[in-house]
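>>> The sequence and its predicted three-dimensional model are supplied below.
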Amino acid sequence: MISENNIAGLVGAKVIDRDGDKIGSVGQIYVDPSTGRPNWASVKTGLFGTSESFVPLDDAVEDGDGLRVPFEKSVVKDAPRIEDDAELSPQEEDQLYSYYRGGGTSAGTGAGTGTGAGTAQTADTSGAGYDTSGPTTDDAMTRSEERLDVGTERVETGRARLRKYVVTENQQVEVPVTREEVRVEREPITDGNVGQAMDGPELSEEEHEVVLHEERPVVDKETVPVERVRLDSETVTGTETVNEDVRKERIDVEGDGRGSAV
């Protein structure tokens, strides 16, 4: 339970839910007028603390430099909206307790029963900076911004495979061939061949036969290897443009003096 002795130290502290997730930061602490003990806290949520919810402190505990409440983050953020006044009316307190005990109690423990309206107590923040996105700091405010962290990942984009199949095509080859033809040769009778010409009877019948030859194409087939084919990959480097929105905080100077956003 939160003690009345550490109210000032809780204003501006971060508020975490039962799972350790940050909900927001403490805006104000409300105390029971009859006992002086803190019973409610306003929690600034949303971007730059623009939204504010109320959470009971019956089972809240200090956790390091923050305040841990026994509810889920969504439960606190969806609590009924109550005007952030100096006091909580009994009707407003009953409305909040009814929410946390009923539809809002996805947390493990229920909120207590209000016995008196809460009164806001604020810490003295003079001389210290107050940052709704973090705890009370010195006289400086932290400005943050998002930056792109771009890398690459290796993903499969497709596959290639080798497939061998047989096709038939026609080839024409010119082949030289030879053949024998009959040719009649005549030679006159001379002193050199008269003896052969007169050998035999004067008149007779004879036959002479000559065998003719020719070449014909003969086709045969053989399978021979002609080349080796394999698949490989190569890395090609290119560039791609990444477009993404990033958020950054701006700090405006408000007041009578002149200033500009930084």
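On my side now, so go ahead.
>>> My read is that Val229 contacts Arg163, right?
No. Look at Val229 against Arg163 with C-beta atoms under 8 Å: they stay out of range, at 10.8 Å. Any C-beta I mention is one placed from the backbone N, CA and C, and that applies to glycine too.
>>> Pretty sure Gln171 sits in a strand.
No. The assignment for Gln171 (DSSP: H, G, I helix; E, B strand; the rest coil) gives coil, which keeps it out of a strand.
>>> number of nearby residues for it?
4 (other C-beta atoms under 10 Å).
>>> contacting residues for Val210?
Val182 (C-beta atoms under 8 Å, 6 or more residues apart in numbering).
>>> Now do the SS call for it.
Applying three-state DSSP: Val210 is coil.
>>> Now do the same for it: its pLDDT.
Looking at Val210, its pLDDT reads 91.
>>> which phi and psi does it have?
Val210 has phi and psi values of phi -120, psi 130 when expressed as degrees, to the nearest 10.
>>> Okay, it and Ala197: tell me how far apart.
20 Å (C-beta to C-beta, to the nearest Å).
>>> again, but for Pro80
Distance from Pro80 to Ala197, by C-beta to C-beta: 148 Å.
>>> now do Thr235
Using C-beta to C-beta, Thr235 is found at 94 Å from Ala197.
>>> do the same with Arg247
127 Å.
>>> quick one, which of these two is more surrounded?
Between Arg247 and Ala197, Ala197 has the larger neighbour count (other C-beta under 10 Å), namely 11 against 8.
>>> what's the more buried one in contact with, if anything?
Ile189.
>>> pLDDT at it, what is it?
In this prediction, Ala197 has a pLDDT value of 78.
>>> Then Gly151?
So, for Gly151, pLDDT stands at 89.
>>> How about Ser204?
81.
>>> The residue nearest to Val242 when sequence neighbours are not counted sits in which helix or strand?
Leaving out its chain neighbours, the residue that sits closest to Val242 by C-beta to C-beta, 6 or more residues apart in numbering is Val150, at 5.5 Å. Per DSSP states H and E: Val150 is located in neither a helix nor a strand.
>>> Identify the single longest strand in the protein, thanks.
Counting residues, the longest strand in the chain under DSSP state E turns out to be strand 22-31.
>>> Listing partners with orientation, what would you give for whatever helix or strand comes next after that strand?
Using DSSP H and E, the helix or strand that follows strand 22-31 in sequence is strand 38-45. Applying DSSP bridges to the sheet, strand 38-45 is found paired with strand 22-31 (antiparallel), strand 51-56 (antiparallel).
>>> Pro225: which of those is closest?
Pro225 lies closest, by C-beta to C-beta, to one member of those: strand 22-31, at 71.3 Å.
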